[in-house]
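Build the 3D model from these lines:
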Amino acid sequence: MTVVKSPLPEPARQVTHDALQSTLVDLLGLSLIGKQAHWNVVGPRFRSVHLQLDELVAAARGYADTVAERAAALGLPPDGRPETIASAFTLPGPKDGWLRDEEAVRVIAETLGTAIARLRERIAATEEPDPVTQDLLIGITAELEKQRWMFEAENISG
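Residues are numbered from 1 along each chain as shown. A predicted model of the protein is given here:
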């Protein structure tokens, strides 16, 4: 079987693979958490939270595809299988059942905060080994920070 040859030297390849794979796991898991909250949110702000969750899920799914394709382009096989996500995913998420709108917003903001912190570590780790991947991770972080801001703004009471 022919595989895509990586343009990166081995040490850089491993760092980049780890950063991309763990980002893929976080993004796919984030999309599932977002959908879980989307389906179960209730409360007076149902509609705005419901719609914002859809935006988050679309962003996470789109970036997951971009991350997986970046890995493949570098000869690093991405692994988005359900069992991989289930075993490797560790971001916080909502409880099962109905989810009050303010709780959904709080949980999603917390989840995004954790994902962002991890991405910032990966940005630092990929600076030298692969600045192109670093740039991709910077863009994803900017979008998730925007999403977090929007969710946090939902919970501000006057």
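
Chain neighbours aside, what residue packs nearest to Thr84?
Leaving aside its sequence neighbours, Thr84 sits nearest to Val25 (Cβ to Cβ, 6 or more residues apart in numbering; 7.0 Å). Just so you know, the C-beta spots here come from the backbone N, C-alpha and C atoms, and that holds for glycine as well.

isn't the one you found right up against Ala86?
No - with contact defined as Cβ atoms under 8 Å, Val25 does not count as touching Ala86 (9.7 Å).

Looking at the two, which is more packed in?
More neighbours surround Val25 than the other of Val25 and Ala86, with 24 against 11 (other Cβ atoms under 10 Å).

What score does the more buried one have for pLDDT?
For Val25, the model assigns a pLDDT of 98.

re the thing from before, just confirm the residue nearest to Thr84 is within a strand.
No - read with DSSP: H, G, I helix; E, B strand; the rest coil, Val25 is helix and lies in no strand.

Now for it: which residues touch it?
84-85, 88-89 (Cβ atoms under 8 Å, 6 or more residues apart in numbering).

next one: Asp18
Counted by Cβ under 8 Å, 6+ apart, Asp18 has contacts Ala125.

now do Leu53
34-35, 37-38, 41, 104, 108.

Pipe those residues into TSV and attach pLDDT per row.
Below are these laid out as TSV (pLDDT from 0 to 100):
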residue	pLDDT
Gly34	97
Lys35	97
Ala37	97
His38	97
Val41	97
Ala104	96
Ile108	97
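
Quick one: buried ones out of these?
Among those, those scoring as buried are 34-35, 37-38, 41, 104, 108 (criterion: 16 or more other Cβ atoms under 10 Å).

Can you list the low-confidence ranges for the chain?
By pLDDT under 70, the low-scoring segments of the chain are 1-2, 156-158.

Pick out the residue closest to the middle of it.
Centroid check for the chain by Cα atoms, centre = their mean gives Leu27 as the closest residue, at 2.7 Å.

So it is in contact with Ala64, correct?
Yes - if you go by Cβ under 8 Å, Leu27 and Ala64 touch, sitting 4.0 Å apart.
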